[in-house]
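Trainee: return a 3D structure for these sequence lines:
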Amino acid sequence: MKTLMKIVGGLVALVILLIVAGGAILGMFFDPNEYKGEIEKIALDKGGVELKIGGDIGWSVFPWLGLELGDISVKYPNKPQLATLSKAQVSVRIPALLSGQVQMSSVVVDGLNLNLVQDGSSNNWAPATSGEKAAETKKPSAAESAGGTAIALDIDSIAVTNGNLAFEDKQAGTKALVKNLNLTTGKVQDDVAFPLTLSFEAEQYAAGSSAPAMTVGSKLDGNVRFNLGKQQYWVKKLNSSITVQGEATGGKPLTLTVAADVTADAAKQAVALENLKVAIANLALSGKLAVNDFAKPAISGALDVAPFDLNKLLSTLGQPAVETADPNVLKAISLSTQLDGPANTVTAKGMTLKLDDTTFKGGAAFDLASGGIKLNLKGDSLNADRYMPPAKEQPAQSQQSQQKTASSGERYSKEPIIPVEPLQGLNIDATLGLDKLHVTKLDIQNIALVVSAHNGLINASKINADMYQGTLRNSATLDVRKSPVRLAVKKDIRGIQLGDVLKAAADTDVISGALTSKADITASGRSVYDIVHSLNGTTSISMKDGEIQGIDMAQTVCQGLNTVKSLGINTQEVDKSTPFANLSASTKIVNGVVNNPDLKAALDAMALSGKGKVDLPRESLDYRVGLTIEENLFKKTCSIPDSLEGVEFPVDCKGGFDDNPADLCKPDLAVFENIFKAKAKAKVKAKVDAKKEELKEKLGGSLQEKLGGEEGAKKLLKGLFN
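Mentor: The predicted structure is shown next:
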């Protein structure tokens, strides 16, 4: 064995001696510059590329196998220039290479210019002839795939300076540039940390523009370490920044900074970011993030977004501010969450979202495979009025335009208002809740919203809330999977105190009572026109223990009847309110025509009834309201003859939606005429009967016989009164 080792050692020494001697001889008698033409010919014949070497070729053999090139250009025949290189320099230490190590002096690449041109289906980075047989790619052997002995790297430094890359799409007329690319490192060794810096500038040009639509500047530095044998990589104290400026940022520079400690294990397909800090404008994010299994990633970590001012962020991004009724909102928005969930999802647990003084808690998940979103959030209290747009008066010209549109028969637009394609792409399951909501001056509690949207079927299975001693339990569906689009709404309102609602919303107490209402309505189509014309369903409404303020139905009847002077009615002291009970009505809707056959209400000794229809497609109504005095309770302040009890006083409302309201509803005067005729006839009869009795008393019973019986007496009385 010792003899064998001596033989091997002697052979190695002999090889080294021969290399040293050969290197010396080659250095003295061989000049590679004399073979430039041969090298360029081989590049064209074997590689199909036109290689031009304008500078000198420098080289060495031992102990460093080195090569230095300058002024190089490469292109495919009959195609635009592909690349140029000012200088490239590299050398490898031969004794180390023989022992399985790669020891290099500084690697220098300076002035690399890569020019990529796309023109339709052709480009300048591939051979012109599409029929050429592509070079076969050698598949790695099983041993290579499983990994072999790692090569130990030892490079003094790497410097890539003054690099430029250009990509031009001639067909689209666009262009992108990467300029001043610079990469430098310290001493590169396996499993030893070394410093690395990278910087570049970029420009993007729109079609037909000579000025860049966007410019980008980026810098990166950190301490890098890797273990090639274990396929492990680390970047400590990574600091990077990218500054963007262009139309998208409103012409203002916008800088994004990222800092982190990065660990990557390619064999285990795992990446972890610790001490993560991301900042853009006034938005700052911190936390940690880990990803395992790149094929079906499992993501874990924690993220915190510090409170920020939304409008300040939008201003920095070059976007318009959000106008709100209260200018002091949207100034403190923050988020914190834990990331942990099943593979192939981004799952946020224990989420806390703060919007000024409102706090939402819950979670969210995003399925990376299907794009599905799940959201579960519940808030404490929100004053939505503060976030509404500022109130603006509608211009008179706009109002006139709307009236003109309505009068010209275009009340219902035929323009689609339901976007089908975006809705078909939704994949969402959301459960939202809010303990208290103040909106349009109303206070609502226990809001619950459950919505799902999959493949074009949007189902709001729960739209619930409690308000003013009552409840709302509603649901709605929108189906855009087929044409025409289908809509369905179910509404169930119970016991809401309408007076409290009106007092809060409009500071009025015109009407009060406990409102209960139900509706089951369907429609189809994408435009308002289609929806109105296809409206079908049923509704019902009822109110108990109510009162109408400022309108006294009793007084109205008194004043109406007082026009007949002969009735002698006093209307001075009638109450200015109308209590009512058990107001109810139901409707049946068929293709936009609303039929109501049974409006009923008991109004302070009177009964209100109504029936008719409202034709939405034809924009007309035909409705009759009747008021019947059921009990004469007005005798103390408004004496009404008993003969008027049980008589219905009707009002007919007929016409179009744009008719003058004063001309739309008119009383049925025939009823009043009949009442007056009956009253006059009754008075005449009473007088006749009184005279008859008087004559009987004066003349005695035999007078009738003398006058020719009863008919003779009537003729005599008639003559007396005429």
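
Trainee: any idea which helix or strand comes after the helix or strand bottoming out on mean pLDDT in the chain?
Mentor: For the chain, counting by mean pLDDT, DSSP states H and E, helix 142-146 ranks last in confidence among helices and strands (a mean of 42). Next helix or strand after helix 142-146 toward the C-terminus (DSSP states H and E): strand 152-155.

Trainee: so what are the sheet partners of that following strand and their directions?
Mentor: The pairing partners recorded for strand 152-155 under DSSP bridges are strand 101-104 (parallel), strand 188-189 (antiparallel).

Trainee: just give me the lowest mean pLDDT stretch among the ones you listed.
Mentor: With a mean of 71, strand 101-104 has the lowest mean pLDDT of the strands paired with strand 152-155.

Trainee: who are the packing partners of the helix or strand following it?
Mentor: Sequence-wise, the next helix or strand downstream of strand 101-104 (DSSP H and E) is strand 107-110. Counting contacts by 3 or more CB pairs under 8 Å, 6 or more residues apart in numbering; DSSP states H and E, strand 107-110 packs against strand 83-93, strand 158-169. Glycine gets a C-beta too; all of them are placed from N, C-alpha and C.

Trainee: how close does T628 get to D367?
Mentor: 64 Å (CB to CB, to the nearest Å).

Trainee: mind listing what T84 touches?
Mentor: Applying CB atoms under 8 Å, 6 or more residues apart in numbering, one finds that T84 lies in contact with I72, S73, V74, G111, L112, N113.

Trainee: now the helices and strands packed on strand 107-110 in a markdown table, with mean pLDDT?
Mentor: As requested, the helices and strands packed on strand 107-110 are exported to a markdown table (pLDDT from 0 to 100):
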| stretch | mean pLDDT |
| --- | --- |
| strand 83-93 | 84 |
| strand 158-169 | 92 |
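
Trainee: for L375, helix, strand, or coil?
Mentor: strand (DSSP: H, G, I helix; E, B strand; the rest coil).

Trainee: isn't it up against L432?
Mentor: Yes: assessed by CB atoms under 8 Å, L375 is found in contact with L432 at 7.3 Å.

Trainee: which residues sit in contact with the residue lying closest to G250 once chain neighbours are set aside?
Mentor: Computed as CB to CB, 6 or more residues apart in numbering, the closest residue to G250 that is not its neighbour in sequence is G318, at 2.1 Å. The contact partners of G318, by CB under 8 Å, 6+ apart, come to A248, T249, G250, G251, K252, L254.

Trainee: what's the closest of these to I299?
Mentor: Nearest to I299 among the contacts of G318: L254, at 27.0 Å, using CB to CB.

Trainee: can you pull the contacts of the closest one?
Mentor: By CB under 8 Å, 6+ apart, the contact list for L254 reads T243, V244, Q245, I280, A281, T316, L317, G318.

Trainee: can you give me the pLDDT of it?
Mentor: pLDDT, read off for L254, is 89.

Trainee: which residues does it bridge with?
Mentor: With DSSP bridges as the rule, L254 is bridged to V244.

Trainee: contacts only, for A514.
Mentor: Q469, G470, G495, I496, Q497, L498, M543, K544, D545, G546.

Trainee: and the helix or strand where it lies, which strands flank it?
Mentor: Following DSSP H and E, one finds A514 within strand 511-524. Next to strand 511-524 in the sheet, as set by DSSP bridges, lie strand 486-497 (antiparallel), strand 536-549 (antiparallel).

Trainee: any chance of those strands in JSON lines, with mean neighbour count too?
Mentor: Output for those, formatted as JSON lines (neighbours: other CB atoms under 10 Å):
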{"stretch": "strand 486-497", "mean neighbour count": "17"}
{"stretch": "strand 536-549", "mean neighbour count": "17"}
